[in-house]
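J.: pasted the sequence and its predicted model underneath.
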Amino acid sequence: GAVVSQHPSWVICKSGTSVKIECRSLDFQATTMFWYRQFPKQSLMLMATSNEGSKATYEQGVEKDKFLINHASLTLSTLTVTSAHPEDSSFYICSARDSRLAGGPNTGELFFGEGSRLTVL
Amino acid sequence: GQSLEQPSEVTAVEGAIVQINCTYQTSGFYGLSWYQQHDGGAPTFLSYNALDGLEETGRFSSFLSRSDSYGYLLLQELQMKDSASYFCAVGRDDKIIFGKGTRLHILP
């Protein structure tokens, strides 16, 4: 299967600082990547859809000015949590769909990065 | 909007068979997926059903009934390593939306 790499795996930061998380597709080009957030023992909540070369599409209730998403190339999307606060502490996971796979964009198979656990002190 | 309902927890015995159900309400439905997630890890794709019927992949099978907006994941010959959370997910509008997950506990 396709490989998605996410970095860093763990990050601890002080309240008020910004944190950048990178998501790379290693062996395929991902025109679309997705960013999810997951609190302990809860589901994956879609935050935004990242489209290469254009603005991200944010889900309702997600602050676009707080969670900055950039998808500058076909293999890299970044999520920057700006002015982080303790309530932003969570597990952030990126995913991508391999457009080479048959079945179109809604075939349900996403490849996930390893996730980034953010702790804001 | 969309919603997916699945049991929050299921317990089964090693070697047994367990079924995790999922009902969904969504417009523009394309198909139902299942993912496995171990504690601290990322989700991994298990199966996808676009059409009614049963899809089998080794010890895991997944079923879909579009008319009933219902599907299930069947795990056979349970092993301790199958202890994890299992999520059903629907694809629509080029996005994948996840259910709340079912935590599977396996007893020796």
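T.: Looks like it arrived, so ask away.

J.: next SSE downstream of the worst-scoring helix or strand of chain B on mean pLDDT?
T.: The weakest-scoring helix or strand in chain B, judged by mean pLDDT, DSSP states H and E, is strand B:95-98 (a mean of 86). Downstream of strand B:95-98, the next assigned helix or strand under DSSP states H and E is strand B:102-107.

J.: so which elements touch that following strand?
T.: Strand B:102-107 is packed against strand B:9-13, strand B:18-25, strand B:84-92, with contacts defined by 3 or more CB pairs under 8 Å, 6 or more residues apart in numbering or on different chains; DSSP states H and E. Any C-beta I mention is one placed from the backbone N, CA and C, and that applies to glycine too.

J.: tell me the most buried of the ones you listed?
T.: The highest mean neighbour count among those, using mean count of other CB atoms under 10 Å in any protein chain shown, belongs to strand B:84-92: a mean of 23.

J.: distance between the ends of stretch B:94-108?
T.: 41 Å (CA to CA, to the nearest Å).

J.: buried set for that stretch?
T.: By neighbour count with 16 or more other CB atoms under 10 Å in any protein chain shown, stretch B:94-108 contains the buried residues B:94, B:95, B:96, B:97, B:98, B:99, B:100, B:101, B:102, B:103, B:104, B:106.

J.: hang on, the earlier thing: closest to chain A out of the helices and strands packed on strand B:102-107?
T.: Closest to chain A of those, according to CB to the nearest CB: strand B:84-92, at 3.7 Å.

J.: on that earlier part again, would you reformat the helices and strands packed on strand B:102-107 as CSV and include distance to chain A?
T.: Converted to CSV, the helices and strands packed on strand B:102-107 look like this (distance: least, CB to the nearest CB, whole Å):
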stretch, distance to chain A
strand B:9-13, 10
strand B:18-25, 12
strand B:84-92, 4
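
J.: figure out which of those is closest to residue B:74.
T.: Nearest to residue B:74, of all the helices and strands packed on strand B:102-107, is strand B:18-25, at 5.2 Å by CB to CB.
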